[in-house]
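**Student:** this one's structure only:
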């Protein structure tokens, strides 16, 4: 299978050179192992998918770590949580940087453990599925923000994207682009492995059919406000169980909660998060959209397009080694008038709020951005240039502070 160059490579090399160790987190099958083995083919490699290594590390983590050469790649460290303390000790005794490269699939759990045990010694990077820039071999690695400066830089590396709905439907897992793997075969195997391995690490699922029904229920709500009771009623379990299962999906990197933007100046803002599947292909598989054409013309088209764009923007942050959790929000409320206003995405940077409207339409209008003015109520932060990200084929300035951007600009 061919290797697809990842935009995070330069950031990873820099972090490895300047940190005691590096942790690359990310959900199953995003390419963590492939990335590290490609970049560091001369480094000792150990995977805890191998039961022998897993048992050795868990039985005597101190001896296991002390016997490893430095540097070493330790793959899937979520299976051996007790080794972090001894990695810390080895890092403290080493004069050089670049001692260990770690990977882990259970993002929140592993990052929490790493931050606690390896504070000041570990640099954490999050690897996502492929992005449009990587699929199209575009050498541009700045996070998306609709400023004139960003737009001018991005225009130097623009390339027309073809078959967008085919890509949204296919999803962005590397294996689907490195080989001719059948779409249904890949995702059916993915779900089975995910439930049997990743989920079972967290809880004892007695009824896999009910949990799969839960996955389908969440996928059908991607890009929408989270309503736990509604999901519980549909799946047939308690709201407490839904809480627990949602936590697992978030820990394992399958979903993302986009938090609402609110402040003392926006008193009527809804404070419920929106939920997004991290891969539209998996969401399409679970909700039985079997072709790109059916998806494009179906009831979920708008939510799937929004999910895809939000994920592409998140990847533009993580590929540059930047955090995004405290930069990205949405807004919904009635602060301006009786009618509810919604802003699909707000990017906050350096005290400036950049509102984004995401539309699958190829016919953008100024009315799509009418909710942006609600941010003018903020007195402590400025409203920056807003954007309508859509399927129109060229950039258009609708007003001095509102620009239409084709999806190619992300």
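**Tutor:** Right, received. Where do you want to start? Note that the coordinates shown come from a computational prediction; the quantities given were computed from them, not determined experimentally.

**Student:** can you give me the buried ones in stretch 185-203?
**Tutor:** Across stretch 185-203, burial judged by 16 or more other C-beta atoms under 10 Å covers 186-187, 190-191, 194-195, 198-199, 202. Where you see a C-beta, it was placed from the backbone N, CA and C, and this is true even at glycine.

**Student:** cool, and stretch 157-177?
**Tutor:** 161, 164-165, 167-174, 176-177.

**Student:** ditto for stretch 395-402
**Tutor:** Across stretch 395-402, burial judged by 16+ other C-beta under 10 Å covers 395, 398, 402.

**Student:** which residues touch stretch 53-60?
**Tutor:** Contacts to stretch 53-60, defined as C-beta atoms under 8 Å, 6 or more residues apart in numbering, come from residues 46-48, 64-65, 79-80, 82-83.

**Student:** try stretch 81-97
**Tutor:** Contact with stretch 81-97 is made by 16-21, 57-58, 61-62, 64-66, 70, 74, 77, 99-100, 102, 113-114, 116-118, 121, as judged by C-beta under 8 Å, 6+ apart.

**Student:** name the nearest of the buried residues of stretch 395-402 relative to residue 226.
**Tutor:** Of all those, residue 402 has the smallest distance to residue 226: 29.0 Å, by C-beta to C-beta.

**Student:** per-residue pLDDT, the closest one?
**Tutor:** pLDDT recorded at residue 402 is 97.

**Student:** how near is it to residue 278?
**Tutor:** Counting by C-beta to C-beta, to the nearest Å, the gap from residue 402 to residue 278 is 29 Å.

**Student:** least trustworthy helix or strand in this protein by mean pLDDT?
**Tutor:** Lowest mean confidence among the helices and strands of the chain (mean pLDDT, DSSP states H and E): helix 107-117, at a mean of 64.

**Student:** past that helix, which element shows up next along the chain?
**Tutor:** Under the assignment DSSP states H and E, the closest C-terminal helix or strand after helix 107-117 is strand 122-126.

**Student:** for the helix or strand just after that next one, buried residues please.
**Tutor:** Using DSSP H and E, the helix or strand that directly follows strand 122-126 along the chain is helix 132-135. Neighbour counts over helix 132-135 (16+ other C-beta under 10 Å) mark 132-134 as buried.

**Student:** and for stretch 278-291?
**Tutor:** 278-287, 289.

**Student:** just so I have it, where are all the strands in the stretch 251-400 of the chain?
**Tutor:** Using DSSP state E, counting those that start in this stretch, the strands of the stretch 251-400 of the chain run over 255-258, 274-277, 328-333, 341-349, 352-358, 382-383, 386-390, 396-399.

**Student:** thanks a lot, catch you later.
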